[in-house]
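Q: return atomic coordinates for the entry below.
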Amino acid sequence: MKTFKKFLGGVLLLAIIVLFLVVWTALPWQGVVVLAVLLAVWMAATRRGRQTWQVTRVGLSTVSQRIGSSSVVVVGIAGVVGVLVAMLAMSEGFAETLRASGNDHTAIVLRGGSQAELNSVLDRDSANVVMQAPGVKKGPEGRPIASGELVVVANLPRKGDPNSDSNVPIRGVSDDVWALRDNVKIIAGRKFKPGLRELIVGKGAAGQFAGLDVGKSIRLAGQEWTVVGEFESHDALESELWGDTQSVASAYRRGSSVASVTVLLESPKAFDQFKASLAADPRLKVDVSTTQAYFSKQSEALTKTLRIVGITVGIIMAIGAVFGALNTMYAAIQARAREIATLRAIGFRGVPVVVSVLLETMLLALLGGLIGAGLVWIIFNNYTASTLGANFSQVVFQFQVGPGLLWTGLKWALAIGFIGGLFPALRAARVPVTTALREL
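A: Predicted structure coming up:
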């Protein structure tokens, strides 16, 4: 019977932990603030609450005497939060960079079944049909505002390591690209001239690859190209080199074909009309999407992978941190056994003891979480990195350590503190007073 009761107790404890984690992960910061306020009111207004505060205050006053073991909890949880937030910040930064590359005012057309521009080919006749479709905005001269674009990949040495070549995308664009992408601004030099072997480079690419300074020449496809300008766009396009479509097509022997056609819509509402007209045209077999949807889709696979890796590593480290917290708090309870037994002997119930141990552990966890999240914010927020994009070329992006990610890290820290303190807290409340005093 005693064994069965222990089994039921274990199952109940496991259920409490699972329920806590389910509720805790879904709880917004406002809910946590409400819980903290309710706890403070309970500790101030009730007898058991005041007892809890007294036990907690005594426990916290002894932390300095066991600074070594307490630091295990703080450092372990700081590591968990740091790794988790850094990985999620990388994922968020990459996804945000690609999301910012598109909008609902422009649409992109690729060959049917193509996953990205690099494996799409549209002949010139098909590109012209797309540009003349209903819903495309016309310029002052009555011509549709559209850009037939070609994307190829070249190898360039990275700065600081001339022996490590990486892929960089080269985009051939038309003159209408400036009306299509009005966020692109020349910040050094000038625009390229159509028909010439001239390039402008994105700010991100210029920072990552060697030899892309304005005025310098680089060799691509066996030909000399001159870098005449540098542009800024605050999105994934900053990772690219731009030139005239015909010049890029000639150098890479692509004839008159393009990889995609990007058009400026009359309005976001015109997208359905534009897409329907292309779907109904028997001459075409194309995929149509807004540039916002297209670039968001390009980030999905890598973003999901980074999140899975980050959470998996975080869980593995969190398990270690939980065991560290368990060892620390069991040792603390053992050292304070006489004190806790005395308090219970003079009328302190089990609830104040349990809550006080949980509070102490979660406060240590909170400190570790703040340290880990703070270090990641200081080191990685807006840190520039690059990784392979959908075109198997480098996409330059910045880590985004926002309030949401910091809050996620702190929630993980407090969850680890709760689980790590629950078992020692229950043990401290369950040990009979006479047993605790006899052991000492």
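
Q: what about the spatially closest residue to Leu156 that is not a sequence neighbour, how many neighbours?
A: Nearest non-adjacent residue to Leu156, counting by C-beta to C-beta, 6 or more residues apart in numbering: Phe209, 4.5 Å away. Where C-beta positions appear, they are placed from N, C-alpha and C, glycine not excepted. Each residue near Phe209 was counted by other C-beta atoms under 10 Å, and the total is 25.

Q: and Phe231, by the same measure?
A: Counted with other C-beta under 10 Å, Phe231 comes out at 23.

Q: quick one: the residue nearest to Leu156 from Leu241, how far?
A: According to C-beta to C-beta, to the nearest Å, Phe209 stands 9 Å off from Leu241.

Q: which residues are in contact with each of these two?
A: Residues within reach of Phe209 and of Leu241 at once, by C-beta atoms under 8 Å, 6 or more residues apart in numbering, are Val168.

Q: Val263 pairs with what?
A: Counting by DSSP bridges, Val263 forms beta bridges with Ala107, Ala146.

Q: now do the same contact list for it.
A: 106-107, 109, 130-131, 133, 136-137, 144-147, 180, 274.

Q: likewise Leu375?
A: Per C-beta under 8 Å, 6+ apart, neighbours of Leu375: 78, 82.

Q: what kind of secondary structure is it in?
A: helix (DSSP: H, G, I helix; E, B strand; the rest coil).

Q: retrieve the pLDDT associated with it.
A: For Leu375, the pLDDT comes out at 93.

Q: so how far is Gly310 from it?
A: Taken as C-beta to C-beta, the span from Leu375 to Gly310 is 16 Å.

Q: for Gly421, same thing?
A: Separation of Gly421 from Gly310 (C-beta to C-beta): 25 Å.

Q: more neighbours, these two?
A: When Gly421 and Gly310 are compared for neighbours, Gly421 comes out ahead with 30 against 19, by other C-beta under 10 Å.

Q: in which helix or strand does the more buried one reside?
A: helix 403-430 (DSSP states H and E).

Q: could you dump stretch 377-387 to CSV, C-alpha only?
A: What follows is stretch 377-387, C-alpha atoms only, in CSV (Å, rounded to 0.1, in the frame of the first residue of the first chain):
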residue,chain,number,x,y,z
TRP,A,377,21.7,41.2,-26.0
ILE,A,378,25.0,43.1,-25.5
ILE,A,379,27.0,40.7,-27.7
PHE,A,380,24.6,39.6,-30.4
ASN,A,381,21.9,42.3,-30.9
ASN,A,382,22.4,43.6,-34.4
TYR,A,383,25.5,41.4,-34.8
THR,A,384,26.0,40.8,-38.6
ALA,A,385,26.4,37.3,-39.9
SER,A,386,25.7,35.4,-43.1
THR,A,387,24.4,32.0,-44.0
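
Q: is it true that Asp165 lies in a helix?
A: No - assignment of Asp165 by three-state DSSP gives strand, placing it outside any helix.

Q: could you find the closest non-adjacent residue to the most centrally placed residue in the chain?
A: Compute the mean C-alpha point of the chain, and by C-alpha atoms, centre = their mean the closest residue is Glu92, 2.4 Å away. Using C-beta to C-beta, 6+ apart and skipping residues adjacent in sequence, the residue nearest Glu92 is Gln400, 4.5 Å away.

Q: how about the one you found, what does it touch?
A: Taking C-beta under 8 Å, 6+ apart, one finds 89, 92-93, 96, 381-382 in contact with Gln400.

Q: show me the shaky parts of the stretch 151-300 of the chain.
A: Scanning the stretch 151-300 of the chain for pLDDT under 70 picks out the ranges 162.

Q: got it, and the stretch 1-150 of the chain?
A: Along the stretch 1-150 of the chain, the model assigns pLDDT under 70 to residues 1-7, 9.

Q: identify, from the contacts of Gln400, the entry nearest to Gly189.
A: Taking C-beta to C-beta as the measure, Gly189 lies nearest Asn382 of the contacts of Gln400, at 25.2 Å.

Q: now the helices for the protein?
A: 2-26, 29-45, 47-61, 67-99, 124-131, 177-180, 203-208, 245-251, 270-280, 291-335, 337-345, 350-380, 403-430, 433-439 (DSSP state H).

Q: now the closest residue to Arg254 other than its chain neighbours: how far from Glu238?
A: Closest residue in space to Arg254, ignoring its immediate chain neighbours: Leu150 at 6.0 Å, by C-beta to C-beta, 6+ apart. Distance, Leu150 to Glu238, by C-beta to C-beta: 19 Å.

Q: please apply the same query to Leu366.
A: 38 Å.

Q: what about these two, which has more around it?
A: Taking neighbours as other C-beta under 10 Å, Leu366 and Glu238 compare with Glu238 leading, 24 against 16.

Q: separation between that one and Glu149?
A: 16 Å.

Q: could you do Leu180 as well?
A: Taken as C-beta to C-beta, the span from Leu180 to Glu149 is 10 Å.

Q: ramachandran angles for Val214?
A: Val214 adopts backbone torsions of phi -60, psi 130, taken as degrees, to the nearest 10.

Q: that one reaches Lys191, doesn't it?
A: No - look at Val214 against Lys191 with C-beta atoms under 8 Å: they stay out of range, at 12.0 Å.

Q: pull up the overlap in contacts between the two.
A: Contacts common to Val214 and Lys191, judged by C-beta under 8 Å, 6+ apart, are 228-229.

Q: which one of the helices of the chain lies closest to Phe231?
A: Short answer: helix 203-208, nearest of the helices of the chain by C-beta to C-beta, at 6.9 Å.

Q: render the CA-only coordinates of the closest one in CSV, please.
A: What follows is helix 203-208, C-alpha atoms only, in CSV (Å, rounded to 0.1, in the frame of the first residue of the first chain):
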residue,chain,number,x,y,z
LYS,A,203,26.1,47.1,-48.2
GLY,A,204,26.0,43.6,-46.7
ALA,A,205,27.9,42.0,-49.5
ALA,A,206,30.5,44.8,-49.4
GLY,A,207,31.1,44.1,-45.7
GLN,A,208,31.5,40.4,-46.2
